[in-house]
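# Generate coordinates for the sequence data below:
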Amino acid sequence: MNLEFNKNDDDMRLRISDMERKLSEIHLGGGKKRIEKMHAQGKLTARERIDFLKDKDADFLEIGAFVGDGMYEEYGGCPSGGVVMGITNVSGRKCMIVANDATVKAGAWFPITAKKNLRAQEIAMENRLPIIYLVDSAGVFLPLQDEIFPDKEHFGRIFRNNAIMSSMGITQISAVMGSCVAGGAYLPIMSDEALIVNKTGTIFLAGSYLVKAAIGENIDNESLGGATTHCEISGVTDYKSENDEECLKSIRNIMDKIGDADSAGFNRKEAKMPERDLKDVYGILPRTRDKQYDSHDLIEALVDQESFEEYKADYGKTIVCGYARMDGWAVGIVANQRKLLKSGKGEMQFGGVIYSDSADKAARFIMNCNQKKIPLVFLQDVTGFMVGSRSEQGGIIKDGAKLVNAMANSVVPKFTVIVGNSYGAGNYAMCGKAYDPRLILAWPSAEIAVMGGSQAAKVLLQIEKASLKAKGEVIDPEKEKELLEKIMDRYKKQTSPYYAASRLWVDAIIDPAKTRDWISAGIEIANAAPIEKPYSVGVLQT
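Sure thing, here's the model as predicted:
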């Protein structure tokens, strides 16, 4: 191991340590006092409910842990968006679990909470996953109601998705373990089966105070919408439980009886560990984004030993494509190459940049994977497409469009891992969030933006200077330096993986050494959803 490798390794380990520290804070939700208050009420917290519900030794792949990070600070924050969600095994069956965290503003829905819930439903629909809702929510967070209530991708979309999933035959189970109020009250009845916990669970369109204000009726919340009312009189709920643990055991019993799903038939053989140590990725990836490295080294540390078969190795070298296995699953790898290279025509090509020949190669490889029914894994470290007269005359726009078309129309599942840069149109071509990857993951080293920090800062500085000049202000070198530093700090914050994760641009920030585990679990989940349409790319300009 050389000195540079060791420095890179130290840097990545510090990033991972910082990520784990942030996660430990997020896992406390609204804080220890509110957790104690829930326990005093005889209730488990959202994370305790999930831990009790899932199979004993099953992993919990948490989606959106960093959602809400740094947002809504004027309201006291919203850790994890006030909802914990992820994929795990329940009675041997892979499921999506969505649990309101009542320690965060009584489980109230912020705008980002709705976005996160919709992402859970999207994943469930794409992969035909059963979904279990553990409901404990005070409803919409009223100060922000205009950002959550009326639009297409707002709160109401959840109930539309309930109906669509029901028609698709996707199992939905709701357990009302606390408040379930207003529009949220439709969730249990739109699920296949609904459970409620006696004395702590309530369901109503309007609580007792609002009922008194609206029609003058005096009634307590338990009589209005408690377990006895809904299990014995209204028939809204199907099972009454005496406490959280009994309720969660009932869900496990129900899940234990569900029949097997059809399989997509993705190829899997016995897994082999990679040629390199899994944690070698820490030292391979440079600690600064301006340094080169060979993407083949990363691939060697991620795929099963002796499984990588490179496609068109000597053509379009700034994208590496090839067939491989990850944890035994057959995959097609599409990775940005970050070395300075010489093309087949003798021209020097910059690493991380997509040229016409690499776009053409990647498009053809993606089409091959769709023909062979092989899931795709994109390893993003991209600065964008090549610019300039030579590229334009060579048809870079046409070849870039060909790549985007082939990737966007893919019918096999796609998984995206942002290991470094994810800039501009390169984000799109390498299957960014807008192109429906089944999972999109980021390493702590990821940077997501329309362009690199230094370039963007210089552009923004020119705009700022022009604005100040128009107002008659003189910009001396000291003032210019101060402005540039301010712009750089702001831009750096916006390119952080935590900024992306807080807004659900990525599903999770992960330890790079666990990349194989996430991809393997993702393909296993996707394998339960048969491919229902043929692959077609429409019109391609060749």
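# how close does I251 get to F415?
29 Å (CB to CB, to the nearest Å). Every C-beta, even on glycine, is put in place using the N, C-alpha and C of the backbone.
# same thing with S17?
Distance from S17 to F415, by CB to CB: 26 Å.
# between these two, who's got more neighbours?
F415 (23 against 11; other CB atoms under 10 Å).
# Regarding that one, what is its secondary structure?
strand (DSSP: H, G, I helix; E, B strand; the rest coil).
# Check what pLDDT it gets.
Per-residue confidence (pLDDT) for F415: 98.
# And T228, by the same measure?
For T228, the predicted pLDDT is 93.
# Count the residues that sit near it.
So T228, with other CB under 10 Å, has 13 neighbours.
# Surely it is in a strand?
No: remark: T228 does not belong to a strand; assigned using three-state DSSP, it is helix.
# quick one: contacts for it?
The contact partners of T228, taken as CB atoms under 8 Å, 6 or more residues apart in numbering, are 198, 222, 240.
# Narrow those residues to those in strands?
The strands, defined by DSSP state E, take in K240 from those.
# Just among the contacts of T228, which is most surrounded?
Ranking the contacts of T228 using other CB under 10 Å puts K240 first, with 19 neighbours.
# So that one sits against T200, correct?
No: counting by CB atoms under 8 Å, K240 stays clear of T200, with 11.6 Å between them.
# tell me the SS of P274?
coil.
# That one - how many residues pack around it?
Close neighbours of P274, defined as other CB under 10 Å, add up to 21.
# Does it touch F308 like I think?
No: P274 lies out of contact with F308 (CB under 8 Å); the separation is 9.6 Å.
# anything in contact with each of the two?
With CB under 8 Å, 6+ apart as the test, P274 and F308 both reach E300.
# contacting residues for the nearest residue to D294 once chain neighbours are set aside?
Excluding its sequence neighbours, the residue lying closest to D294 (CB to CB, 6 or more residues apart in numbering) is K339, at 5.5 Å. Neighbour list for K339: 292-295, 351 [criterion: CB under 8 Å, 6+ apart].
# mind checking which helix or strand K339 is in?
For K339, there is no helix or strand it lies in under DSSP states H and E.
# Distance of it relative to L298?
Counting by CB to CB - K339 and L298 are separated by 12 Å.
# go on, L53?
If you go by CB to CB, the gap between L53 and L298 works out to 36 Å.
# what do you get for A120?
Remark: distance between A120 and L298 (CB to CB) = 30 Å.
# and those two? which has more neighbours close in?
Taking neighbours as other CB under 10 Å, A120 and L298 compare with L298 leading, 26 against 23.
# Excluding covalently adjacent residues, which one is nearest to the more buried one?
Spatially, and ignoring its direct neighbours in sequence, L298 is nearest to I284 (5.6 Å; CB to CB, 6+ apart).
# any idea how far F378 is from that neighbour?
In terms of CB to CB, I284 sits 18 Å off from F378.
# Of the two, which one has the most company?
Higher neighbour count among I284 and F378: F378, with 26 against 23, using other CB under 10 Å.
# Which strands or helices does the particular helix or strand that has that one in it pack on?
Assigned by DSSP H and E, F378 falls within strand 376-382. With contacts taken as 3 or more CB pairs under 8 Å, 6 or more residues apart in numbering; DSSP states H and E, strand 376-382 sits against helix 295-300, strand 329-336, strand 414-423, helix 424-429.
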